[in-house]
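Undergrad: Need a 3D model of the sequence below.
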Amino acid sequence: MSATPTDAADARPGRPAAPAARVVDVLIAGGGPAGAVAAHALAMAGRRAMIADPGRLRPAPAGGVSGGAGGAPAELKIGEALPGAAAGFFRAAGLPPPDPDRHTRVRGSWSAWASGELEATDFLRSPDGPGWRLDRPAFDAALREAAIDAGAGWRRARVVKVDRLVTDSTGRDAGPDTAPLWRVDFSDGGPPVLARWLIDATGRRAAVARQLGAGRLRDDRLIAIFARLCITDGPMADPGFDRTVIEAVPEGWWYAARLPSGAVMAALHTTPATAARILADRPRWHAARLAAPHLARLTGHADAGAALDQIAACDAGGTALDRLAGPGWIAAGDAGQAWDPLSAQGLLSAMHAGRQAARAVDAALGGDTNAVAQVVAAQARLRAVYLSRLAAYYAQAAGRFAGTEFWAGRSGQG
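TA: Predicted coordinates for the structure are as follows:
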């Protein structure tokens, strides 16, 4: 990508010496939802904010359901749902809701969890109304563009190193109104940026926070093994299918949803050991899907030939940093704490965390010495509630599969 107006001055050809480093109030590492929301909030508050991310500013053309069985698209994302409560977030943040021409509505769920029967939940009865099924690359790009339209800068590069620059004469941290605190170097080899604050929104890698000494706490070992399917028979072949499907099975639990493209995303959440066995013999994934009675019926008993992608896997277990913030930096979104996908709140929580982090940093830049600590405390309370509710929900299904590897530690009695 060519230089954007916000970084063009750093890319002039023919300059004999490296240009002077740009100075910003806040450097946001990571341009996903948390980072983009944080950059938007800071720009709207009048702060000089810059996003650094190695990905595209705009997504590659979306693939349909007829792409054939090849490798998974580089931008395929598994977290593609938002609950109806997100409508209030968009209003409060001054962000547009998902474009109805790119995204579809989710009006309920079908779940076989506490029993083997498929039970329906209708979101129209919820005060928040229906949710959204997202084209994630398009959704993420819309958030980034909203941030840039608000005045944030964009650097297509990864943050590779951060160095603390400013301390007072005794070696203590300088106050919020001093010169820049951080020198930030990037993967593109271009000029560094000097920033007064850093927000780590690099996702589960938490690349900046971990470089600054934060450690990663793991709640659980959970792997999601997923692929898109072209379904031509069964209820999920209907373009009007607007439900999320959850089905507990002895080896874990399945998630399935019809995407805006018309493809069906299916994911088995299981232990690392089971995941390793399946990834070593990938037809096992399709066999496991067809052994889930409700999912098999809903997807028309489609066999391995329906796969649009190679089966892929990712870490899906809940995690958190042992330190959410430090002098001059704070983590947001999955970098700070990532949620088990069973919560169905991970994406919305990441956006909330991005906005909270931005508002706290804006306050800190204005001299408020308590704002960041208040956000850290609020996130700790939220995490405690999340862990309690997640354990209770897993326990509802654990009794059905006593003695199995996946459910052994999820009964709520250990």
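
Undergrad: beta partners of Trp197?
TA: With DSSP bridges as the criterion, Trp197 is bridged to Val26.

Undergrad: Check the spatially most central residue of the chain and give its pLDDT.
TA: With distances taken as C-alpha atoms, centre = their mean, Leu347 lies nearest the centre of the chain, 5.4 Å away. According to the prediction, Leu347 has pLDDT 94.

Undergrad: from what I can see it touches Pro33, true?
TA: Yes: counting by C-beta atoms under 8 Å, Leu347 touches Pro33, with 6.2 Å between them. C-beta coordinates here come from the backbone N, C-alpha and C atoms, glycine included.

Undergrad: what is in contact with those two at once?
TA: Common neighbours of Leu347 and Pro33 are not found (criterion: C-beta atoms under 8 Å, 6 or more residues apart in numbering).

Undergrad: So the residue nearest to the centre of the chain, which state does it fall into?
TA: Secondary structure for Leu347, judged by DSSP: H, G, I helix; E, B strand; the rest coil, is helix.

Undergrad: Against Ala112, how distant is it?
TA: 24 Å (C-beta to C-beta, to the nearest Å).

Undergrad: got it, and Val106?
TA: Applying C-beta to C-beta to Val106 and Ala112 gives a distance of 18 Å.

Undergrad: Ok, Pro191 next?
TA: 56 Å.

Undergrad: Show me which of these two is the more surrounded one.
TA: Between Pro191 and Ala112, counting by other C-beta atoms under 10 Å, Ala112 is the more crowded of the two (22 against 18).

Undergrad: Contacts only, for that one.
TA: 118-119, 246-248, 294.

Undergrad: Which strands and helices lie in contact with the longest helix along the chain?
TA: For the chain, the helix with the greatest residue count under DSSP state H is helix 371-398. Judged by 3 or more C-beta pairs under 8 Å, 6 or more residues apart in numbering; DSSP states H and E, the packing partners of helix 371-398 are strand 325-326, strand 329-331, helix 346-365.

Undergrad: for the last one, packing partners?
TA: I take that to be helix 346-365. By 3+ C-beta pairs under 8 Å, 6+ apart, helix 346-365 packs against strand 22-29, helix 33-44, strand 81-82, helix 86-93, strand 193-200, strand 329-331, helix 371-398.

Undergrad: Span of stretch 213-230 from start to end?
TA: End-to-end distance for stretch 213-230: 45 Å, by C-alpha to C-alpha, to the nearest Å.

Undergrad: For it, buried residues please.
TA: Neighbour counts over stretch 213-230 (16 or more other C-beta atoms under 10 Å) mark 214, 219, 222-230 as buried.

Undergrad: now it, how far from the chain's geometric center?
TA: On the basis of C-alpha atoms, centre = their mean, to the nearest Å, stretch 213-230 sits 11 Å off its chain's mean C-alpha point.

Undergrad: Can you tell me how far Leu181 is from Asp25?
TA: 11 Å.

Undergrad: So for the two, which sits in the more crowded spot?
TA: Shown here are Leu181 and Asp25; by other C-beta under 10 Å, Leu181 has more neighbours (22 against 19).
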